[in-house]
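Participant: Whatever this is, show me its structure:
(one chain, ligands or ions: 1)
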Amino acid sequence: MTARPTVIAIFGVTGDLARRKLIPSLFSNFIKGRLPKRLRIVGVGRREWTDETLIDHAHQSLKNYAAAIYDERAWERFRETLSYSKVNLPQPETYQTLRDDLNALDGGECNRLYYLSIAPEFYADVICNLGALDMARENGGWRRIVIEKPFGYDLSTAQSLNGIAHSVFNESQVYRIDHYLGKETAQNILFMRFANTIFEPIWNRSHISNVQVTVAETVDVGTRAGYYDSSGVMRDMMQNHLLQLLSLIAMEPPSAFDADALRNEKVKVLQAARPIKLADTVRGQYQGYRAAEGVAPDSSTPTYAALKLFIDNWRWKDIPFYLRSGKAIGQKTTQVNIQFKRPPNSIFELTESGDYSRNMLSICIQPDEGIHLTIEAKIPDQLIAKSVDMELHYKNAFIADNLPDAYERLILDAINGDAQLFIRSDEIESAWKIVDPVIEGWRSDPAAPPMQRYQVGSWGPEAADELLARDEHVWRVSCLHEKAGCNGDS
Ligand code: BG6
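Facilitator: Numbers count the residues shown, from 1 in each chain. Okay, here's the model as predicted:
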């Protein structure tokens, strides 16, 4: 028996994400022969496009964003899979053509992935309209829905969106995206921890002094002010990407490498987070942000946040996790730095700084993906120690000049029904429970730390350094291209 055809319906196909990521990722998977043999990609949008417009659009997208892998013969086959369907997202009656088109394929006997790459205010409409036209029922094939971030604006809107999603789809049909989970190096955190024996015995409060997660971006708000100014860094980055990285670092070993086992452990980490004290937070706004087009002249939206968080469980009790993220920072880097405790006793002369540095394991998520381990070594011809780096670079170890884009993995997983790298409803809600009080405190508590202005191209506000200095720690950075910055304190 031939397999059922699979239809991928991309809502918002005319948008930026589809152009930059989704179409190139589908094409890359197509070239690699990983997509179902019988495939239809239906672009869904509000514009008066035809199939030909979509094909031209997809072609241009590949020329611009997938030039390195573009192949004319593959394109000739890929374009055959494409068609366009016009839908006005809030209006249920406009879904009928889409439904009829999809039903016409193999008499409706096909699998369907609905991909919502649209403005979040339309998520509920689309879900309800799919439900109203009975398009979520798994008659004659599976039905799945992929929902982009942001999933909710706070806990209550996330709960309400979960409620709407569950009124139409089962949780097992819902795939909430956090593209950081699709990054190779983020996935490797689990392999590093659970495919080796040397890390797990020391992966706890007895040996680790503190954990730092840095997500620094050089880009500023750019043309996204309309969205960004009402969100800010806590909603845009902290609630999702940073807390997801944190949960991969801090989770207990799952009993199996499957979606439920993994997500059960991740959600336990988030649920064990101690409420964050406002005094343990720093918020910043880069200079010039308020002058950007679309930003309110008196905007109090933070473009930078740093905070200290504790996980109240046996493994991590009282070990600080420092998280920071900002836009318009001098270096683009995403890294997790795990600092170990210093040796309890010294038989050597100490370093010039008067103590050993802490051993540090750095997981370099991007760019220059890799793992670095900083150890103390004897300086030749002297009797003092110096910190040196043992470095794994993906580009050398795996001859991987171009790691697959996160979306390539995630789209494929959704098609294959593997939800490991997608966020479950309870995870989303637990993450909002962590960040909501901070956002609210910053908004309304007179005792909240004031907004700090920071220079474009800096490492963010000095108050973030002071946050760690209070605990006698410093932000550490590794994994940077410029050697001058390597392992130095930022
Ligand atoms: C997105 C945020 O989720 O992640 C953006 O909305 C941010 O503001 C982006 O720039 C960062 O992703 P990456 O993959 O470039 O680190």
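Participant: does the most far-flung residue of the chain relative to its centre belong to a helix or a strand, and which?
Facilitator: Distance from the C-alpha centroid of the chain peaks at residue 381, with 46.3 Å (CA atoms, centre = their mean). Under DSSP states H and E, no helix or strand contains residue 381.
Participant: Quick check: it vs the ligand, distance?
Facilitator: Taking CB to the nearest ligand atom, to the nearest Å as the measure, residue 381 falls 43 Å from the ligand. Any C-beta I mention is one placed from the backbone N, CA and C, and that applies to glycine too.
Participant: ok, now residue 449?
Facilitator: Per CB to the nearest ligand atom, residue 449 is found 23 Å from the ligand.
Participant: Assess the claim that that residue and residue 282 are in contact.
Facilitator: Yes: counting by CB atoms under 8 Å, residue 282 is a contact partner of residue 449 at 6.1 Å.
Participant: so what sits against both of the two?
Facilitator: residue 463 (CB atoms under 8 Å, 6 or more residues apart in numbering).
Participant: Which one of those two is surrounded by more residues?
Facilitator: Counting neighbours by other CB atoms under 10 Å for residue 449 and for residue 282 shows that residue 282 has the greater number, 26 against 18.
Participant: Would it be right to say that that one lies in a helix?
Facilitator: No: read with DSSP: H, G, I helix; E, B strand; the rest coil, residue 282 is strand and lies in no helix.
Participant: who's it bridged to?
Facilitator: On the basis of DSSP bridges, residue 282 is bridged to residue 306.
Participant: Surely it touches residue 450?
Facilitator: No: if you go by CB under 8 Å, residue 282 and residue 450 don't touch, sitting 9.8 Å apart.
Participant: residues contacting residue 160?
Facilitator: By CB under 8 Å, 6+ apart, the neighbours of residue 160 are residue 152.
Participant: What does the pLDDT read for it?
Facilitator: Note on residue 160: pLDDT of 98.
Participant: So which bits of the helix or strand harbouring it are buried?
Facilitator: Per DSSP H and E, residue 160 falls inside helix 155-168. The neighbour-count criterion (16 or more other CB atoms under 10 Å) identifies 155, 158, 161-162, 164-165, 168 as the buried residues of helix 155-168.
Participant: after it, next one along is what?
Facilitator: Helix 155-168 is succeeded, C-terminally, by strand 174-176 (DSSP H and E).
Participant: Any part of that following strand near the ligand?
Facilitator: No: shown here: strand 174-176 not in contact with the ligand (CB under 6 Å from any ligand atom), separated by at least 12.7 Å.
Participant: any idea how far the residue of the stretch 351-490 of the chain found nearest the ligand is from residue 336?
Facilitator: Taking CB to the nearest ligand atom as the measure, the point where the stretch 351-490 of the chain comes nearest the ligand is residue 366, at 6.3 Å. Residue 366 sits 11 Å away from residue 336, taking CB to CB, to the nearest Å as the criterion.
Participant: Looking at these two, which one has more neighbours?
Facilitator: Of the pair residue 366 and residue 336, residue 336 is the one with more neighbours under other CB under 10 Å, namely 27 against 18.
Participant: can you confirm the more buried one is in a strand?
Facilitator: Yes: in this structure, residue 336 lies within a strand as judged by three-state DSSP.
Participant: got the contact list for the nearest residue to it once chain neighbours are set aside?
Facilitator: Among residues not flanking residue 336 along the chain, residue 363 sits closest, at 4.4 Å (CB to CB, 6 or more residues apart in numbering). By CB under 8 Å, 6+ apart, the residues touching residue 363 are 185, 188-189, 192, 335-338, 371.
Participant: follow-up on the earlier one: mind saving the C-alpha coords of the helix holding residue 160 as CSV?
Facilitator: Output of helix 155-168 as CSV, limited to C-alpha atoms (Å, rounded to 0.1, in the frame of the first residue of the first chain):
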residue,chain,number,x,y,z
LEU,A,155,0.3,33.2,32.1
SER,A,156,-3.4,33.9,31.7
THR,A,157,-3.3,34.4,27.9
ALA,A,158,-1.1,31.3,27.5
GLN,A,159,-3.7,29.3,29.6
SER,A,160,-6.5,30.7,27.5
LEU,A,161,-4.7,29.8,24.3
ASN,A,162,-3.9,26.3,25.6
GLY,A,163,-7.6,26.0,26.4
ILE,A,164,-8.6,27.0,22.9
ALA,A,165,-6.0,24.7,21.4
HIS,A,166,-7.3,21.8,23.5
SER,A,167,-10.9,22.4,22.5
VAL,A,168,-9.9,21.6,19.0
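Participant: Excluding covalently adjacent residues, which one is nearest to the residue of the stretch 351-490 of the chain closest to the ligand?
Facilitator: In space, residue 366 is closest to residue 334, 4.9 Å off (CB to CB, 6+ apart).
Participant: Fine by me, thanks again.
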